[in-house]
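In: take a look and give me a structure for this.
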Amino acid sequence: MMQKIQILLSNPNKSLSFLPKKYLLIDTNFLIEISRHPSQFMELVKDLNNNGFILVSIEATLIEFVKGSKSIEDHSKKVKFYKNIIERILPLEREIHDNVSKITRVLLNKGGQLSYADCLLLGITMKYKDNLYFLTKDRSDVPISLFNTVASIMIETQDNNSTFNIYEYDEKAYEELLIQLVNDIKVKK
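Out: Numbering: from 1, shown residues only. Model (predicted):
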């Protein structure tokens, strides 16, 4: 079976190189898939790098990635693998925690929940909105009312087909949602 990668952008007349932001924040599920299907995913990593993207993440993704290790040796291999894929580990600054608080409030009002690590990734995407996209497989981890899909990457492997989405933070949508939440609170009073 021939494996293939297909990249679909929100503007079909453009390629990845035309996306203006060059930092790509990587979720744990991408690392897991790379480790399971290295030949297909390393081709994608190479393509992303060739298009000028710098792959970044946070310590929490490393912890999630290695927590399923079966031995000390397996753990060490995963840490080395992570460090080979991720070019920079981003610090968690105060503004990111403030963004996590904002996301949590919005999600609670909408009845949704996310893990703390996913909230951190989204908080970072908010903070670095002018320079960074977020890449994840799990669409349920991203409140689409606040984050727009700019590209979808479909990867066909021998085991399955995987779709990863590249998201960007929509600050205008967030501000509109806040106004709506304030109005809803006023109506309830």
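
In: which residues in the protein form helices?
Out: 28-36, 38-50, 59-66, 72-85, 94-110, 116-127, 171-188 (DSSP state H).

In: report how many residues lie close to S17.
Out: A count of neighbours around S17, defined by other Cβ atoms under 10 Å, yields 11. Where C-beta positions appear, they are placed from N, C-alpha and C, glycine not excepted.

In: put the alpha carbons of stretch 55-68 into CSV.
Out: This file holds the C-alpha atoms of stretch 55-68, laid out as CSV (Å, rounded to 0.1, in the frame of the first residue of the first chain):
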residue,chain,number,x,y,z
LEU,A,55,8.3,23.2,15.4
VAL,A,56,7.8,24.2,19.0
SER,A,57,6.1,22.8,22.1
ILE,A,58,6.0,22.8,25.9
GLU,A,59,7.3,20.6,28.7
ALA,A,60,3.7,19.3,29.3
THR,A,61,3.7,17.6,25.8
LEU,A,62,7.0,15.9,26.6
ILE,A,63,5.5,14.6,29.9
GLU,A,64,2.4,13.3,28.1
PHE,A,65,4.5,11.8,25.3
VAL,A,66,6.9,9.8,27.7
LYS,A,67,4.3,8.8,30.3
GLY,A,68,3.5,5.6,28.5
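
In: rewinding a little: in TSV, list the helices of the chain along with mean pLDDT, distance to I153 and mean neighbour count.
Out: Formatted as TSV, the entries for the helices of the chain read as follows, by pLDDT from 0 to 100; distance: least, Cβ to Cβ, whole Å; neighbours: other Cβ atoms under 10 Å:
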stretch	mean pLDDT	distance to I153	mean neighbour count
helix 28-36	91	10	20
helix 38-50	85	7	15
helix 59-66	94	18	18
helix 72-85	95	15	14
helix 94-110	77	24	15
helix 116-127	90	17	22
helix 171-188	75	23	11
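
In: I'd like those laid out as TSV, including distance to D138.
Out: Output for the helices of the chain, formatted as TSV (distance: least, Cβ to Cβ, whole Å):
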stretch	distance to D138
helix 28-36	6
helix 38-50	16
helix 59-66	12
helix 72-85	18
helix 94-110	15
helix 116-127	8
helix 171-188	20
